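K.L.:
Below are the sequence and a predicted model; questions follow.
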Amino acid sequence: MSSQPQNESQRVPSSDAGTDERTLYDHTSDDEGYDGRPSGELDERDHDILDSEDERERLLTQKDAGKGLLGRRASSVKVGKWDKKKEMKERRKGGNEESSALMYEMEEGIGASSTSFRSGRSSLSDEQRLPASESQRKVCRVYGCASEANGPQVRRKSLYRRIAIYVSIIVLFVVLLAATYNLSTPKDVKEAAAMLSNGTSLFAPTTILISLDGFRADFLYRNLTPTLNQFVAEGISPKYMMPSFPSVTFPNHYTMATGMYPEAHGVVGNTFWDPELEQEFYYTDPKRSLQPHWWGGEPLWVTAEKQGVRTAVHMWPGSEAHILNQEIAYIDKYNGSEVLPTKVDRIMELLDLPGPKDIGASANTPRPQLIAAYVPDVDGDGHRFGPNSTEIRKTIANADTMMAGILAGLHARNLTDIVNVIVVSDHGMATTDKTRLIQLEDLIDPAELSHTDGWPLYGLRPKDPASLHRLYNQLLERTKDNPNLDVYLRDENMPERYHFSKNDRIAPLWIVPKTGWAIVTKDEFNVEVGLKTGEEYHPKGLHGYDHEHPLMRAVFIARGPAFPHEAGSRMEPFRKLMFSSHRTYIHKRSKLTPPAQRT
């Protein structure tokens, strides 16, 4: 008879109880919660609890005790009807759980009439209950227990925890799925996904870079260049781009290709002397200019080829030098007599080659993703006729027509929104005149010099290095009344903004004329005689002056998917070195890693 009440007293508490309560009930058999004393050995507080329990039991059974009905027919006694809702309500209010349990037992006919049975059951139940209550109180004193009032807050925290776990599982699943896809997707599928279609072929990110040598920034405002002006309106550009010092062709083209100052990449002029090699660089002589040791840094065509982006370079200064022993897919040698329509045909021919996913694709004749083309015409006629001549107007218009042919070819191939096009120039041009010439022999004896570098500015190397400061002071004395030139020592007072001192290829002593002036030897032009006879001085146009002068300003215009922008967007003017920033951006859009740049 005693087994059933004992099991009843060990029932797991209602789900309304807190988590901590369920934990306590599950461990009623632990030694920590129960010291093994029988009910008779309980302390005074325990006796008070037992007395109150007995009193409740007597009250419940007192009504029919005189008739003996409870003892004879326990199943017929209707002491109280079990009300589940009422019991739940009493439990929430902290009511007596034992009373509700007893009422339920009597309703189901489980109760007994024997007083000894009641006492035994009550005593046994208490013996089991009290250790659990003690254990619960101990844990609550240490950790704290959630009250019924805090139940909703606990449930909310539990809900939030479950949500966080579910979200974490979903995120982890997505990451694993993406990693699995990335590892399992073939390389050629990934490459195809990065390509754009013109309707007949897939094109990898492609860029055409056109350099118009000697194209001064203000040439765009002479009503001679409708194509380039429309290109400006559709693309993104600054009002001008500043060249690097000295503002001459070879240093600036290689600065655009490497993102480095001339003093860093080593091509410090069109002509210069290397004291370590004891050799002279001369830009128009392949035997003295196309050796790799002249060209420092890493030009963009080498960077591209290193990373699998096939490249075509058309006459760009330095491209024939086989820099860093890197093979380039296409190198077109310099040809000063090439007409502009031929350049258009060459660029279109390269774009029409089969792509890597096309039928007929060949590793020996790949379609290039980078095409860099050099156009010397404006510079040549600027020197020959001057930047303000009638002849140069036609040359400027011809360059614009060439650009119209390139853009029309892209449009015909449905490549306008697929191929990036960048138009740049290396420097501007200034008009010269025999009245703005300075005779070198009037300033210094050429016999004291071992080498002269540059033009129209002059770099001087004394035969005797000990005479350097004497010659410098002599030049200062002889030019003190002439504000049209400046004299500098490379290692002492060369303007920092020139970035033109940290290389031994730069001569130790310099004469830098103001824009539009030129220094000449008598072998080149005898100034005194020319003024008397009216002889004209050639060239009619010059550059190489202070790179910040307005007449030395160059152009930069870009359009294509690598340059998202609003039509007609304007950038702040920048120095040519900053061209490396745009080059880096194109690299990123083409999945290239640009080389580290030294400045």
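P.N.:
Cool, the structure landed.

K.L.:
all contacts plus neighbour counts: C-alpha atoms, from now on.
P.N.:
OK.

K.L.:
what are the ranges of the strands in the stretch 401-550 of the chain?
P.N.:
Counting by DSSP state E, counting those that start in this stretch, the stretch 401-550 of the chain has these strands, from start to end: 419-424, 430-431, 437-439, 449-453, 458-462, 485-489, 509-513, 518-520, 541-542.

K.L.:
What ranges does the stretch 101-250 of the chain have for its strands?
P.N.:
196-197, 202-203, 206-212, 236-238, 241-242.

K.L.:
can you list the weak-confidence ranges in the stretch 51-200 of the chain?
P.N.:
Residue ranges of the stretch 51-200 of the chain with pLDDT under 70: 51-152, 154, 181-193.

K.L.:
domains of this structure?
P.N.:
Domain ranges of the chain: 3-145, 205-427+552-589, 434-538, per automatic domain parsing.

K.L.:
Let me know the average pLDDT across the second one.
P.N.:
Within the predicted structure, the mean pLDDT of domain 205-427+552-589 is 93.

K.L.:
and the strands of the stretch 101-250 of the chain, which is most packed in?
P.N.:
By mean neighbour count, with neighbours taken as mean count of other CA atoms under 10 Å, strand 241-242 ranks first of the strands of the stretch 101-250 of the chain at a mean of 28.

K.L.:
Turn the strands of the stretch 101-250 of the chain into a markdown table, including distance to Pro564.
P.N.:
Formatted as a markdown table, the entries for the strands of the stretch 101-250 of the chain read as follows, by distance: least, CA to CA, whole Å:
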| stretch | distance to Pro564 |
| --- | --- |
| strand 196-197 | 16 |
| strand 202-203 | 18 |
| strand 206-212 | 14 |
| strand 236-238 | 9 |
| strand 241-242 | 20 |
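
K.L.:
Of all these, which one is nearest Thr303?
P.N.:
Thr303 lies closest, by CA to CA, to one member of the strands of the stretch 101-250 of the chain: strand 206-212, at 14.1 Å.

K.L.:
Can you list the strands that the closest one pairs with?
P.N.:
strand 370-375 (parallel), strand 419-424 (parallel) (DSSP bridges).

K.L.:
The closest residue to Gly360 other than its chain neighbours: how many residues sit nearby?
P.N.:
Leaving aside its chain neighbours, Gly360 sits nearest to Pro354 (6.3 Å; criterion: CA to CA, 6 or more residues apart in numbering). Pro354 has 19 neighbours, counted by other CA atoms under 10 Å.

K.L.:
Then Pro246?
P.N.:
27.

K.L.:
Which of the strands of the stretch 101-250 of the chain sits closest to Thr395?
P.N.:
Nearest to Thr395, of all the strands of the stretch 101-250 of the chain, is strand 206-212, at 11.0 Å by CA to CA.

K.L.:
hmm, who's touching that closest one?
P.N.:
By CA atoms under 8 Å, 6 or more residues apart in numbering, the residues outside strand 206-212 that reach it are 368-379, 399, 418-426, 590.

K.L.:
What would stretch 422-433 look like as CSV? C-alpha coordinates only.
P.N.:
Taking Å, rounded to 0.1, in the frame of the first residue of the first chain, the C-alpha atoms of stretch 422-433 are listed here in CSV:
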residue,chain,number,x,y,z
ILE,A,422,41.3,55.6,-71.0
VAL,A,423,42.7,58.6,-72.9
VAL,A,424,45.8,60.3,-71.4
SER,A,425,48.6,62.6,-72.4
ASP,A,426,52.1,63.0,-70.9
HIS,A,427,52.6,66.7,-70.9
GLY,A,428,51.6,70.0,-72.6
MET,A,429,53.6,72.3,-75.0
ALA,A,430,54.9,75.9,-74.9
THR,A,431,55.8,78.2,-77.8
THR,A,432,59.4,79.1,-78.2
ASP,A,433,61.0,82.1,-79.9
